[in-house]
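Undergrad: I'll drop the sequence and a predicted model, then ask my questions.
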Amino acid sequence: MKAYFLVRNGAADKAFELRDLPTLKPKAGEVLIHAEAFGLNFADVMARLGLYKDAPPLPAVVGYETVGRVAEVGEGVTNVKVGDRVVALSRFGGYAQAVVTDARATMLIPDDMDAGIATCLATQYATAWYAAEEMVRLHEGDHVLIHAAAGGVGIALIQMAKRRGAVIFGTAGSDEKLKFLKEQGVDYPINYRKVDFAVEIKKLGFDKKIDVVYDPIGGESLKKGMTLLTAGGRMVTYGASSMTEAKGNPFKILGVALGFGIWSPIEFVTTSRSLLGINMLRIADNRPEILARCIKNVVELTASGDLKPVVGKTFPHTQLAEAHEYLASRQSIGKVAITW
């Protein structure tokens with residue numbers, strides 16, 4: 001069995017090496033999966049650039065989601081059996097032909113489900129479900145702002161918000177993506193490269209009328225989004241992709257950090273607004289039953305056709321570097337998947 005090891009930080013074409021993977025054995029409560037595909041996430045790009053503090057020390061196998069067949073189960077595992085086709089979240093180790101992970105983060109999928117579609121579910125759609133169905137309860141008519149709306153989590157959030165009858169504002173960086181967002185049901189697509197999203201939303205007449213903001217960008221974006229919230233409004237942040245543009249420049253990194261703003265609990269009380277953070281690795285570590293519930297819901301709703309994940313591009317594993325650069329360039333729409 002092989003795996004792509006992240007051996008150095010920097011350019012994608014020099015960062016990864018395909019190496020033999022040591023023999024893996026599941027412990028009690030774990031499963032061993034022989035992979036057919038895995039997915040990329042922006043956190044992988046940040047790990048490659050040395051900006052993701054949760055990443056293991058190098059050399060390491062990164063990656064969170066695996067699609068494949070159960071090859072072996074550890075003691076006490078009853079939810080899946082050898083031969084089952086599954087999607088699973090792992091705490092790194094995903095860029096491999098064999099992955100061991102907690103059985104509670106492993107979910108049966110139909111044999112005919114496209115592997116690329118399945119790669120969307122364990123991380124991106126599970127994150128969106130937690131953000132839109134558990135941490136926040138959306139209601140019909142709510143005004144929802146989704147940043148990076150053409151990305152994997154963004155598309156999932158759009159679909160979940162539409163299921164609840166929300167009015168959606170979505171940001172993206174090209175006219176092609178704005179057209180896509182309109183097709184997905186976004187009511188107000190906004191090109192953040194051409195206009196200031198906060199100014200645009202105010203021009204549209206929704207200043208202080210946004211109920212929920214979903215922000216994976218961080219920095220100044222988060223601070224601006226907070227100014228748009230109404231009483232009872234919630235800012236949900238689940239990333240800091242703006243850090244990638246500051247890589248190697250300590251002044252820019254400091255600028256991004258300061259851009260988040262400094263918040264006092266008194267301000268949250270007096271304005272009745274909330275700032276919520278999501279890190280699905282922490283949920284997986286400490287509340288695996290929540291993760292299992294999220295994955296179960298999105299798998300079932302995808303199988304039934306109620307949720308429709310979008311795979312922007314699938315690469316063979318030999319083009320991992322190209323796939324990484326494609327994702328980092330922000331050209332992608334939907335999921336970027338890798339097949340073995």
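TA: That came through, no problem. If you're wondering where the values come from, they're calculated on a predicted model, not measured in any experiment.

Undergrad: from here on, contacts and neighbour counts on C-alpha atoms
TA: Fine.

Undergrad: Show me the shaky parts of this protein.
TA: In the predicted model of the chain, residues 240-263 satisfy pLDDT under 70.

Undergrad: In it, which helix is the longest?
TA: As assigned by DSSP state H, the longest helix anywhere in the chain is helix 288-303.

Undergrad: Report the distance from it to the chain centre.
TA: 15 Å (C-alpha atoms, centre = their mean, to the nearest Å).

Undergrad: Repeat that for stretch 151-171.
TA: 14 Å.

Undergrad: buried sites along that stretch?
TA: Of the residues in stretch 151-171, those with enough neighbours to count as buried (16 or more other C-alpha atoms under 10 Å) are 151-162, 164, 166-171.

Undergrad: Restricted to strands, list those residues.
TA: With strands identified by DSSP state E, the entries of these that belong to them are 167-171.

Undergrad: residues of stretch 301-319 that come out buried?
TA: Of the residues in stretch 301-319, those buried by neighbour count under the rule 16+ other C-alpha under 10 Å are 302-303, 307-315, 317.

Undergrad: Could you report the neighbour count for Glu200?
TA: Other residues within reach of Glu200 by the criterion other C-alpha atoms under 10 Å amount to 16.

Undergrad: quick check, it in a helix?
TA: Yes: when classified by DSSP: H, G, I helix; E, B strand; the rest coil, Glu200 is found to be part of a helix.

Undergrad: quick one: contacts for it?
TA: Contacts were defined as C-alpha atoms under 8 Å, 6 or more residues apart in numbering; by that measure Glu200 touches Ile190.

Undergrad: quick one, helices of the stretch 151-300 of the chain?
TA: 152-163, 175-184, 197-203, 220-228, 250-259, 265-271, 280-286, 288-303 (DSSP state H, counting those that start in this stretch).

Undergrad: Point out the most buried one among these.
TA: Greatest average neighbour count among the helices of the stretch 151-300 of the chain goes to helix 152-163 (a mean of 24), per mean count of other C-alpha atoms under 10 Å.

Undergrad: what's it packed up against?
TA: Helix 152-163 makes packing contacts with helix 126-129, strand 143-146, strand 167-172, helix 175-184 when contacts are defined by 3 or more C-alpha pairs under 8 Å, 6 or more residues apart in numbering; DSSP states H and E.

Undergrad: mind redoing it with 10 Å?
TA: Contacting helix 152-163 under the criterion 3 or more C-alpha pairs under 10 Å, 6 or more residues apart in numbering; DSSP states H and E are the following elements: helix 126-129, strand 143-146, strand 167-172, helix 175-184, strand 210-215, strand 335-339.

Undergrad: contacting residues for the closest residue to Val7 other than its chain neighbours?
TA: Closest residue to Val7 in three dimensions, ignoring its sequence neighbours and counting by C-alpha to C-alpha, 6 or more residues apart in numbering: Pro59, at 4.5 Å. Going by C-alpha atoms under 10 Å, 6 or more residues apart in numbering, Pro59 touches 4-8, 15-17.

Undergrad: cutoff 8 Å now
TA: Applying C-alpha under 8 Å, 6+ apart to Pro59 gives the contacts 5-8.

Undergrad: Dump these to CSV, plus secondary structure.
TA: Formatted as CSV, the entries for the contacts of Pro59 read as follows, by three-state DSSP:
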residue, secondary structure
Phe5, strand
Leu6, strand
Val7, coil
Arg8, coil
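
Undergrad: For those residues, pick the one with the most neighbours.
TA: Sorting those by how many neighbours each has (other C-alpha under 10 Å) puts Leu6 first, at 24 neighbours.

Undergrad: Setting aside sequence neighbours, what's the nearest residue to it?
TA: Closest residue to Leu6 in three dimensions, ignoring its sequence neighbours and counting by C-alpha to C-alpha, 6+ apart: Phe16, at 4.6 Å.

Undergrad: tell me, how many neighbours does that neighbour end up with?
TA: 22.

Undergrad: now Pro22
TA: Pro22, neighbours per other C-alpha under 10 Å, totals 10.
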